[in-house]
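> sequence plus the predicted model coming up.
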Amino acid sequence: MDTMFDIGVAFFFGAILGSFLNVCICRIPRGESILFPRSHCVSCGRLLSPAELIPIASYLLQRGRCRGCGADVSWQYPLVEGFTGLAFAALSAFYGGLSLDWAAASVLAAFLIVIAGIDIEHKIIPNILLLAALPFIALWLGWKVSGTGGDVHLILNSLLGAVFGAAMLFAVFWFSNGGLGLGDVKFAFVFGLMLGWPGALWALTLAALIGSIAGIAGMVAGKWTRKTEVPFGPFLAIGYFAVFLLLDSRWSEIIRRFLE
């Protein structure tokens, strides 16, 4: 019962945070403050009431339109809110409730959702987001190192994963004449710190595999061509987050229970 309650709380919190992530996705690329002014209609500028800020529900009740001017509200808003809520709830189920592990994974997921959202819409990965992630990653590494009694090898392995990932993508950037952005290179370095070696290799491999499948599917469907510029950030986000979870020791317990 406690676990189900935690999952519900995680979804509720994730949906609320998803509303803020939408603000980040919309404002950061434009160089605007993510705190001021308050949330408003992008068409008429009217400040939104508290009732209009309720995640998902407000969009459905207003039928995707502004209550003031009637302009369409982007489907991005309920999508990000719902996805973030479901992601936080799933992580709560995976970690057995609300815990420090859940909090760390949720913060990582939030960063990756914003990065993927901005890269999809603007085809950039802002430096400010990667810099903002570094203090969180430093705290996470310090927590992990303290849990091993101060094993310095964990830090060295973390740096190896970061350098390897960045070097691999920089090589692709260099030899493809800009077929890959430098934002992807910096992404691989920053979040490679959390995966280490060989986690970074697995994440890049998974990202490339998913990206290739998506690219082929897009061309078969007639949506993309060989010259279509497809952002790689979302695939990196999926690959790195999936491997982050797969490296968790809980999988051995899950597999053991499944085999019993």
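Received the coordinates, thanks. Note that the structure is predicted; figures quoted are calculated from it, not measured. Numbering: from 1, shown residues only.
> state the mean pLDDT of the helix or strand hosting residue 13.
Following DSSP states H and E, one finds residue 13 within helix 2-27. For helix 2-27, mean pLDDT is 94.
> could you do stretch 49-67 as well?
For stretch 49-67, mean pLDDT is 88.
> show me the protein divided up by domain.
1-98, 126-260 (automatic domain parsing).
> mind listing what's buried in the host helix or strand of residue 146?
Residue 146 belongs to helix 127-147 when assigned by DSSP H and E. Neighbour-count burial for helix 127-147 flags 129, 130, 133, 137, 140, 141, 144, 145 (criterion: 16 or more other C-beta atoms under 10 Å). C-beta here means a position set from N, CA and C on the backbone, and glycine is covered the same way.
> for it, what does the pLDDT average out to?
On average, helix 127-147 scores 93.
> quick one: contacts of stretch 111-127?
18, 21, 24-25, 28-29, 76, 80, 83-84, 87, 129, 132-133, 136, 181, 183-184, 186-187, 191, 229, 231-234, 237-238, 240-241 (C-beta atoms under 8 Å, 6 or more residues apart in numbering).
> gap between the residue lying closest to residue 13 once chain neighbours are set aside and residue 6?
The shortest distance from residue 13 to any non-neighbouring residue, by C-beta to C-beta, 6 or more residues apart in numbering, is to residue 88 (6.2 Å). As judged by C-beta to C-beta, to the nearest Å, residue 88 and residue 6 stand 10 Å apart.
> repeat for residue 78
Applying C-beta to C-beta to residue 78 and residue 6 gives a distance of 24 Å.
> name the nearest residue to residue 246, ignoring sequence neighbours.
Of all residues not flanking residue 246 in the chain, residue 202 sits nearest, at 7.7 Å (C-beta to C-beta, 6+ apart).
> now the one you found: which helix or strand?
helix 182-220.
> quick check, distance from that helix to the centre of its chain.
13 Å (C-alpha atoms, centre = their mean, to the nearest Å).
> quick check: what element follows that helix along the chain?
With DSSP H and E, the next secondary element past helix 182-220 is helix 233-246.
> who's in contact with that next one?
94, 105, 108-109, 112-113, 115-116, 118-120, 125, 183-184, 187-188, 191-192, 194-195, 199, 202-208, 210-211, 214.
> got a ChimeraX select line for the buried ones in these?
Buried members of those, defined by 16+ other C-beta under 10 Å, are picked up in ChimeraX with:
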select :94,105,108,109,112,113,115,116,118,119,125,183,184,187,188,191,192,194,195,199,202,203,204,206,207,208,210,211
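> sorry, back to before: in contact with the residue nearest to residue 13: list those residues for me.
The neighbours of residue 88, taking C-beta under 8 Å, 6+ apart as the test, are 10, 11, 13, 14, 17, 106, 109.
> distance between the ends of stretch 123-131?
Terminal residues of stretch 123-131 lie 18 Å apart, using C-alpha to C-alpha, to the nearest Å.
> ugh, wrong one, stretch 142-155
Stretch 142-155 end-to-end distance (C-alpha to C-alpha) = 9 Å.
> contacts for it?
For stretch 142-155, the surrounding residues in contact (C-beta under 8 Å, 6+ apart) are 100, 104, 141, 196.
> and for stretch 22-36?
Here stretch 22-36 has contacts from 20, 39, 42, 76-77, 80-81, 114, 117-118, 121-122, 124, 126, 128-129, using C-beta under 8 Å, 6+ apart.
> for burial, what's the neighbour tally of the residue nearest to residue 60 when sequence neighbours are not counted?
Take residue 60 and drop its neighbours on the chain: the residue closest to it by C-beta to C-beta, 6+ apart is residue 78, 7.3 Å away. A total of 21 residues lie near residue 78 under the criterion other C-beta atoms under 10 Å.
> doesn't residue 62 make contact with residue 78?
No - assessed by C-beta atoms under 8 Å, residue 78 is found out of contact with residue 62, at 10.6 Å.
> run the chain-centre distance for the host helix or strand of residue 117.
Using DSSP H and E, the element containing residue 117 is helix 100-122. Computed by C-alpha atoms, centre = their mean, the chain-centroid distance of helix 100-122 equals 2 Å.
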